[in-house]
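# Predicted coordinates and the sequence they were generated for:
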Amino acid sequence: MNWPFAGSSAMIEPEAIADYAAAHSDAEDDYLHRLWRAANIHTVHGHMASGHLQGRLLKMLVMMQRPRYILEVGTFAGYSAICMAQGLPQKGNGKVFTFEINDEMEDFTRQWINGSDVAGLIDFRIGNAVTEAPKLGIMFDMMFLDGDKRTYAETYDALLPLLNPGGIILADNTLWDGHVVDPKYDCDSQTMGIRRFNDRIADDDRVEKVIVPIRDGLTIIRKKTT
Ligand SMILES: C[S@@+](CC[C@H](N)C(=O)[O-])C[C@H]1O[C@@H](n2cnc3c(N)ncnc32)[C@H](O)[C@@H]1O
């Protein structure tokens, strides 16, 4: 994400800011570090995993929101699911339900989730979260939308009814590497999908929202209680 920070005499590289923030945040534990490396070595799009800073933010937000049930759209390697599960009370009744539509990820991801010390708090399923989550018959207090960018708006419409009032949705990649404001990407289907989603959220009076420019943009959406 190209977020220039104007210094007194020179522009400071965004990577330097990210490194500084990571160095002054809780460390990435060894297991997550190994998972991140494995995802980048053994999968084509390893960079899709949340990573250190966003992972710590997800854990922190779970600890603040204290959800019982969390829904994740897009498990990929399991990095974010493990981070969110780390924020749940370790002996409570909370759970992360996480769906991955790509069944080729199953062996890799199940092994890493099962090997983590929060395996008992994660229900990992292969399938389309949009069609499968309603079948669980439960309401969620938190959701992490991180699936297909082209259909973010439809995913939101389908899943908002499953969110309790006061619950929050975290939507990842909502600034899409700055493409949302770059006319060069006017015909790019993922950019168009993210823009459509951002417009939809901005106009939706049922929710409060703020885009946090961390990593690739993370929108925090809270369903109003009245
Ligand atoms: C960006 S990656 C997820 C990264 C992961 N949440 C993390 O932060 O570590 C997106 C994943 O969503 C999956 N996906 C896309 N649409 C989906 C859907 N409707 N239901 C479940 N998974 C989906 C893709 O196959 C891909 O593996």
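Nice, thanks for sending it over.
# Near the ligand, which residues of this protein are found?
Taking Cβ under 6 Å from any ligand atom as the test, the list of the chain residues beside the ligand reads 48-50, 73-74, 76-77, 79-80, 99-102, 105, 128-130, 146-148. In this view, the C-beta of every residue, glycine as well, is placed from N, C-alpha and C.
# These in strands, which ones?
The strands, defined by DSSP state E, take in 73, 99, 100 from the residues of the chain next to the ligand.
# Now the nearest residue to the last one once chain neighbours are set aside: phi and psi?
Right, residue 100. Spatially, and ignoring its direct neighbours in sequence, residue 100 is nearest to residue 75 (3.8 Å; Cβ to Cβ, 6 or more residues apart in numbering). For residue 75, the backbone dihedrals (degrees, to the nearest 10) come out as phi -80, psi -40.
# Report pLDDT for residue 75.
On pLDDT, residue 75 comes in at 98.
# who are the neighbours in contact with it?
81, 98, 99, 100, 105, 109, 124 (Cβ atoms under 8 Å, 6 or more residues apart in numbering).
# Include distance to residue 154, neighbour count and pLDDT when you put the residues you listed into a markdown table, please.
Formatted as a markdown table, those follow (distance: Cβ to Cβ, whole Å; neighbours: other Cβ atoms under 10 Å; pLDDT from 0 to 100):
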| residue | distance to residue 154 | neighbour count | pLDDT |
| --- | --- | --- | --- |
| 81 | 22 | 31 | 98 |
| 98 | 19 | 27 | 98 |
| 99 | 15 | 23 | 98 |
| 100 | 18 | 25 | 98 |
| 105 | 22 | 19 | 97 |
| 109 | 24 | 24 | 98 |
| 124 | 23 | 21 | 98 |
